[in-house]
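A.B. asks: please find the sequence and the predicted model below.
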Amino acid sequence: MHIVFYSWFFIMPFTRMKGADIVVFPEYGLAPPDVLKGASGPTDIYPWLQDIPANEAQWEGDGRFRTEVPRTLSRLARESGVYLVAGVLLREKCRLSEPDCDPELHFKSYNAAVAFDRKGNLQTMYQN
């Protein structure tokens, strides 16, 4: 992951000290700016896409997420004791016959928002 993502580790402890109840990351705020600006196709952003299947939205705790970003967001929310909302880029496996399916990597990408409670549990996810 990029330094932009890890810089939140230094910021999050101060949010609770200042009395914040909720922290909202900007859209695409977890990826470096050059990733989206310089992307010429889906394969360029593949390393930044996360795998958070919708059926995991009710699971608790960071140990159950398969990719680094949701695990880390869960941990940040739990350790800081705040609600956390973040924009993430999601990937989903697909068949080549489906619209917008990448022919090389067999995935679709989505812009999404995830929300974690103070205990680090994923409460909801919205994708479009």
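C.D. replies: Perfect, thanks for sending it.
A.B. asks: strands along this structure, start to end?
C.D. replies: For the chain, applying DSSP state E gives strands covering 22-24, 83-93, 107-116, 122-127.
A.B. asks: for Trp48, find the nearest of the ones you listed.
C.D. replies: strand 83-93 (5.4 Å; CB to CB). For every residue, glycine as well, the C-beta is placed using N, CA and C.
A.B. asks: packing partners of the closest one?
C.D. replies: Contacts defined by 3 or more CB pairs under 8 Å, 6 or more residues apart in numbering; DSSP states H and E place strand 83-93 against strand 22-24, helix 68-80, strand 107-116.
A.B. asks: below-threshold pLDDT in this protein: ranges please.
C.D. replies: Within the chain, the ranges that satisfy pLDDT under 70 run 1-10, 29, 31-43, 52-66.
A.B. asks: run the last query once more with 90
C.D. replies: When residues are selected by pLDDT under 90, those of the chain lie in 1-20, 23-81, 86-96, 98-114, 120-128.
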